[in-house]
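1. Let me see the structure of the following:
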Amino acid sequence: MRERHHHLPSNRNSLKKRTNLQRTMAASDELRSLTRAFTGLGVDEKALISTLGKWHPEQRQSFRKGSRDFFREDERQFERWDDRHILQLRHEFLRLKDAIVLCTMHPWERDSRLLKEALYKGPQYHVLVEIACTRSSDDLLGARKAYHSLFNHSVEEDVAFHLHTPHKKLLVALLSSYRYEGPKVNDEIAKIEAKAISEAIKAGGSSSPLENDDVIRILSTRNKVHLKAVYKHYKEITGNYLDQDCDDSHLILKETVQCLCAPETYFAKILEASLRYNVDELTKEAVSRVIVSRADEDMKQIREEFNRQFGVDLGKKIEDVANGNYRDFLLTLVARSD
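-> You can find the predicted model right below:
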C-alpha cells in the first residue's frame, strides 16, 4: 500500500500535464478555427459563435496577439484591428446577403444593376462583355429596358459617355445587339469573315482590331452559331484559335470571342481567378455573379470545363475557399446542375 501511495503524486502530475496539454491543443484548434472563419469568401458563422461566445478576455487577447494578419500594434503598443481587414470583414459578412439579393432579382433587373456597377467600379470591361455576349437576345433587350426604368438612361449612352478608350465602339455595339437565334449559317460568308478577322489581327501597329469596322460588325451582329463557324474557319486559316491570337493588348476581344463561342471556357477562368485567397474585392464579387446568373443556364458545362482546365471539381474548390452559410448557398446552386 505504501508503494501505491508513493506513486500517487506522480500520477497526479501526469494527469495535470495531460490536461494542460489537451487545453493547449484545444485552444490552438480554436485559434485555427477562428482564423479560418475569418479567411476566404464569406465567414463561418457557427465557428465564430461557438468560439467567441465562450472565450474569456484572456483568450481574446491571445487571439489578437497570435493573429498579426488581422491585428497590429501601433507605436504606443496598442492592439488594434488593421483597418484594411475591418473593411474586408464587412464585405465578407455581407457576401451571403448580396448573393441572395442577386438570386431573388428578376434576371433583367440583376443584369441592369450589374452593368451599372461595372461602369462605375473600374470600369470592369469584362462584365459588360459577359452580359452583352452570354445572354439571349431577349434577355439582353430586357436588361436594357430594366436599365431605362432603374436609371433613366440607356446603358449604351452611359457606356458611350463614360468610356474614352478604343473599347467603346465595340462595347456599345455589343450591348445594342439583338441577334438572330436560329440555326442557319452561310458557311461561305463565315469563311470570308474569318479571313477578315485574321487580317485585322495580323495588321498590328496603329490599326487595332478593336476599332476595325468589319470585326465590330461581325462580333456584334452575327448569331452565335455563325460565329462558331467563323471560329472554326479561323483555326483552319491561321492554325490558331481566334482567342489564342488575342494577346493582352486585345483582352476585351479575347473575352468577347470566348463569351460568344465558348462561354464555359470564359466562366471557368473567371471562377478560378476569383476562388483564390487574397484577391481584391472586385475579383471576389465574380463568384456570386457567375454562380447565381449561370445556375439555371449552363452550370453543368461550366463545371465540366472547370474540372478539365484546373483538375478539380468546382464544388470542391468552393468548399476549400468559401465559409459558412455563403459556402452552403453556393454549393446548393452549383449542385442543381447534377
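
2. okay, CA-based contacts and neighbour counts for the rest of this
-> Noted.

3. Might you report the residue contacts of the residue nearest to residue 271 when sequence neighbours are not counted?
-> Computed as CA to CA, 6 or more residues apart in numbering, the closest residue to residue 271 that is not its neighbour in sequence is residue 287, at 6.0 Å. Applying CA atoms under 8 Å, 6 or more residues apart in numbering to residue 287 gives the contacts 271, 274-275.

4. Let's see if you can find the most crowded of the residues you listed.
-> If you count neighbours using other CA atoms under 10 Å, the busiest of these is residue 271, which has 24 neighbours.

5. any idea which element it lies in?
-> Secondary structure assigned from DSSP states H and E places residue 271 in helix 263-274.

6. Can you name the element that comes right after the host helix or strand of the residue nearest to residue 271?
-> Using DSSP H and E, the element containing residue 287 is helix 281-294. As assigned by DSSP H and E, the chain's next helix or strand after helix 281-294 is helix 299-310.

7. Report the next helix or strand after that next one in sequence order.
-> According to DSSP H and E, the helix or strand after helix 299-310 is helix 314-321.

8. list the helices and strands that following helix packs on?
-> helix 299-310, helix 324-335 (3 or more CA pairs under 8 Å, 6 or more residues apart in numbering; DSSP states H and E).

9. ok, and what's touching the first one?
-> With contacts defined as CA under 8 Å, 6+ apart, helix 299-310 is touched by 264-265, 267-269, 272, 291, 312-314, 334, 337-338.

10. out of those residues, which is most surrounded?
-> Busiest of these [other CA under 10 Å] is residue 267, holding 26 neighbours.

11. these two touch, right, it and residue 290?
-> Yes. Assessed by CA atoms under 8 Å, residue 267 is found in contact with residue 290 at 7.1 Å.

12. Now do the residue nearest to residue 271 against residue 108, distance only.
-> From residue 287 across to residue 108, the span is 19 Å (CA to CA, to the nearest Å).

13. How about residue 165?
-> From residue 165 to residue 108 the distance is 27 Å (CA to CA).
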